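Colleague: Sequence and predicted structure, then a few things I'm wondering about:
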2 protein chains.
Amino acid sequence: MEEIITLDYGSGGKKTSRLIEELLVPAFQNPALAALGDGAILPGAEKLVFSTDSFVVDPLFFPGGDIGKLSVCGTVNDLSVCGAEPKFLSLSFIIEEGLPMETLKQVVASIRTQAEKAGVQIVTGDTKVVEKGRGDGLYINTAGIGFLKYPGLGPENLREGDRVLVSGTVGDHGTAVMLARSGMMRGEISSDCAALGGLCETILSTGARVRVLRDPTRGGVATTLNEFVEGTALGIELEEEQIPVRPQVRAACDMLGLEPLYCANEGKLLAVVAAEDAEKVLAAMRQTEAGKDAAEIGVVTAARPGKLVMRTIPGGRRILQKLAGAQLPRIC
Amino acid sequence: MEEIITLDYGSGGKKTSRLIEELLVPAFQNPALAALGDGAILPGAEKLVFSTDSFVVDPLFFPGGDIGKLSVCGTVNDLSVCGAEPKFLSLSFIIEEGLPMETLKQVVASIRTQAEKAGVQIVTGDTKVVEKGRGDGLYINTAGIGFLKYPGLGPENLREGDRVLVSGTVGDHGTAVMLARSGMMRGEISSDCAALGGLCETILSTGARVRVLRDPTRGGVATTLNEFVEGTALGIELEEEQIPVRPQVRAACDMLGLEPLYCANEGKLLAVVAAEDAEKVLAAMRQTEAGKDAAEIGVVTAARPGKLVMRTIPGGRRILQKLAGAQLPRIC
């Protein structure tokens, strides 16, 4: 690791992984943390799932959402993809001196609306204020507790031939925030920010053999799928042609020099399911609003152990690594 | 409330209360949050206690502790004073670009040591990095889950004649941090930063009628005691002469224009207990290292409803209100 923390360490990509794997996991040795899931199933209290995220998105408001909506959805989604029903949230503000009270009120209203939608209660919190120039308006941390309903999900369950499904178009959130930040094309692309509990329930209640669910946030679809297979005997092969990307997102990414597969999503789900069950799960997803554009985008293969490979539209094959560098700082 | 957030809103005093009571509690209506405890006993899961705190202390290292130690003790203490056994912590960093990796390593080592001492496991976490000038080195959020062992504690249990006990000298943390920040007298006064689970267990296992326990952090002893009686038919009368204050802390407070009763503590406990049990509890506290300087400092009275009054050493009476303004910004 380098001698100073650079923005890359917050990218959700390679540097973030190194920090977690080389500094944090060794320091706090315990199986729950070492599992590196989005949420932790608590040792000795296996019905409980616990997760946390801090939110530093810039700007605070963007098409399709704001830091408040994000701070509810981000944490409840981490619980939902573990197979848990999100129940309780803590809410902690770090406010920069000078923030308009009206801004805070709007964010609180957004948190309230989203918490109601997601069926979670905000039960405890904290407020700190830092001097002007020592923050950036507002940072929020939420931690969440859920009750495990569908145990046994995890990338360790992957088998050759499993299918990789995505619940809809990729890259919407990252692109929307980048455009809002740059002041370009504001409003043409909306963040997909949404709570995924309903979609997870729809998928898991089909009884299909679901191996793992994950919401591909920082680092995007390419980074999340890399995390599934990294260091294992299996790889994933994606079909570029099958990956749903909005034309506006594709155009914006071209303009900004981004790749949609590395752009953050805040309301999308990746599901790896047994091949025989893929159609059933896809059909169920497509009957929901959140999953209406769901698609099968790839297959688990033993041919490329540890790698994520994409068959490109022109017909070649490209290895997609984890996100390197800080393509999109402060995207969530 | 004012139109912009000022530092006062993070003081732990009057403005913080207004923000919580006028904006947050009405927005997230639920009994757990409205109880305004340090931790929330979860509705429908009454064995679970949940708490969170963000830590923005400046400087990151001070005599007797650092932001890492504080971020473990602060949250586990909030659980302990609810009568819970702290079990699990989440850990989330907001790092300013440019932080030396060595600093982060030291903080992580401190978190590890303190978590081991407090018997809690760090099970989940998050790391964000913000651009230089958008943070201040390092902010940390922890959230904690504990299992309720001694239910029924709370200021609503206070009765006339109850005794107010403090576990040791007051104002050490606030004074140590202020001196470290100013560069004066560094090292002569140490923060009392410590986990209080053992002391809480000692007190509660005596079987004494303990009405409420609380760790008087931001806003200090005077603010916490005000919170106990505010809006009720009871008041508290303190005896200034009985309140333990280190001479160095008294001298530093005089120099800095502070009042020890409003200075933050991070390893002290206030306990209100039935009069008949006060001696038993004091004796038990004094047998512990953390409670060796414990003292009875006041009594619950019906004579001054809703007020905290202090009989001063010269013999007068002074009303102590909640902390007004931001006496000590970023003390924790």
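Modeller: Everything's here; your move.

Colleague: Do a quick rundown of the helices in the stretch 201-332 of chain A.
Modeller: A:220-229, A:247-256, A:278-286 (DSSP state H, counting those that start in this stretch).

Colleague: Can you say which of those is packed in most?
Modeller: By mean neighbour count, with neighbours taken as mean count of other CB atoms under 10 Å in any protein chain shown, helix A:220-229 ranks first of the helices of the stretch 201-332 of chain A at a mean of 25. Any C-beta I mention is one placed from the backbone N, CA and C, and that applies to glycine too.

Colleague: in the stretch 51-200 of chain A, which spans are strands?
Modeller: Secondary structure of the stretch 51-200 of chain A (DSSP state E, counting those that start in this stretch): strands at A:61-62, A:65-66, A:84-96, A:121-130, A:138-148, A:163-166.

Colleague: can you list those strands in JSON lines and add mean pLDDT and distance to residue B:132?
Modeller: Output for those, formatted as JSON lines (pLDDT from 0 to 100; distance: least, CB to CB, whole Å):
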{"stretch": "strand A:61-62", "mean pLDDT": "96", "distance to residue B:132": "23"}
{"stretch": "strand A:65-66", "mean pLDDT": "98", "distance to residue B:132": "25"}
{"stretch": "strand A:84-96", "mean pLDDT": "97", "distance to residue B:132": "15"}
{"stretch": "strand A:121-130", "mean pLDDT": "95", "distance to residue B:132": "15"}
{"stretch": "strand A:138-148", "mean pLDDT": "97", "distance to residue B:132": "15"}
{"stretch": "strand A:163-166", "mean pLDDT": "98", "distance to residue B:132": "36"}
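
Colleague: Quick check: pLDDT value at the residue in the stretch 151-300 of chain A that chain B sits nearest to.
Modeller: Residue nearest to chain B within the stretch 151-300 of chain A: residue A:218 (9.0 Å; CB to the nearest CB). On pLDDT, residue A:218 comes in at 92.

Colleague: Number of residues surrounding it?
Modeller: 30 (other CB atoms under 10 Å in any protein chain shown).

Colleague: Backbone dihedrals for it, both of them.
Modeller: phi -50, psi 130 (degrees, to the nearest 10).

Colleague: That one contacts residue A:12, correct?
Modeller: Yes: taking contacts as CB atoms under 8 Å, residue A:218 lies within contact range of residue A:12: 2.6 Å.

Colleague: hey, where'd the strands end up in the stretch 201-332 of chain A?
Modeller: A:210-214, A:235-239, A:270-273, A:295-301, A:308-311, A:317-319.

Colleague: OK, contacts around residue A:167?
Modeller: A:196, A:199, A:268, A:269, A:270, A:271, A:285, A:290, A:291, A:293, A:294 (CB atoms under 8 Å, 6 or more residues apart in numbering or on different chains).

Colleague: run the last query once more with 7 Å
Modeller: When contacts are counted by CB atoms under 7 Å, 6 or more residues apart in numbering or on different chains, residue A:167 touches A:199, A:268, A:269, A:285, A:290, A:291, A:294.

Colleague: so how far is residue B:72 from the last one?
Modeller: Taking CB to CB, to the nearest Å as the measure, residue A:294 and residue B:72 are separated by 42 Å.

Colleague: before we move on, what about the fifth one?
Modeller: In this structure, residue A:290 and residue B:72 are 38 Å apart, going by CB to CB.

Colleague: quick one, which of the two is more surrounded?
Modeller: residue B:72 (29 against 21).

Colleague: correct me, but that one touches residue B:112?
Modeller: No: using CB atoms under 7 Å, residue B:72 is not in contact with residue B:112; the gap is 9.0 Å.

Colleague: OK, now which residue of the stretch 201-332 of chain A is nearest to chain B?
Modeller: Counting by CB to the nearest CB, the stretch 201-332 of chain A gets nearest chain B through residue A:330, at 6.3 Å.
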